[in-house]
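J.: Next input, structure requested:
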Amino acid sequence: MLKACRYVVLNPVRAKVVEVPERWRWSSYRATAGIEKAHPCLSTDWVLGQFGSKKRIAEKRYRGFVTDGIGGHRIWEDVKGQSILGERDFVDRLIDFVRGYEEVIEILKSQRYVTRPSLGDF
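T.: Residues are numbered from 1 along each chain as shown. All right, here's what the predicted structure looks like:
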């Protein structure tokens, strides 16, 4: 979930609209990072709670976490079958839900055959 949060706030940076995430005013980044007060509809508690129990320390760690993602690994490289994203055990549990859908033509072929091994596995 944290990688997804980071991905979202880094979208304007990756799109080269801004150099750094704090320059994109329509993002939750500034509030979560402690740069400005959060809008009443925005809850930052869960995200910051993943970085520590003291708010200022958590905000600093969050800023570092986001900064580390600039130019780094993209979460979409880990998506399996264009529809499953997560740790290996999570993906393994979900594979059973997509088994049996190999012949449903309304589902993209790359998603229907998610359970097949890749060529790199051989």
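
J.: Domain ranges for this protein, per the record?
T.: For the chain, automatic domain parsing gives the domain ranges 2-68, 79-121.

J.: Need the per-residue pLDDT for Phe97.
T.: Reported pLDDT at Phe97 in the predicted model: 65.

J.: now the domains of the chain as TSV including mean neighbour count?
T.: Backbone N, C-alpha and C define where each C-beta goes, glycine included. What follows is the domains of the chain, written out as TSV (neighbours: other C-beta atoms under 10 Å):
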stretch	mean neighbour count
domain 2-68	15
domain 79-121	12
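
J.: Report the mean confidence score over whatever helix or strand Thr67 lives in.
T.: According to DSSP states H and E, Thr67 maps onto helix 55-68. Averaged across helix 55-68, the pLDDT comes to 95.

J.: what does that helix contact?
T.: Residues outside helix 55-68 that contact it (C-beta atoms under 8 Å, 6 or more residues apart in numbering): 2, 6, 9-10, 21, 29, 32-34, 47-52.

J.: Could you list the low-pLDDT ranges of this structure?
T.: The model of the chain has pLDDT under 70 over residues 73-83, 95-107, 109, 111-115, 122.

J.: At which residues are the helices of it located?
T.: 2-14, 29-32, 45-49, 55-68, 88-98, 109-112 (DSSP state H).

J.: could you dump these to a markdown table with distance to Gly120?
T.: Below are those laid out as a markdown table (distance: least, C-beta to C-beta, whole Å):
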| stretch | distance to Gly120 |
| --- | --- |
| helix 2-14 | 22 |
| helix 29-32 | 35 |
| helix 45-49 | 34 |
| helix 55-68 | 27 |
| helix 88-98 | 15 |
| helix 109-112 | 15 |
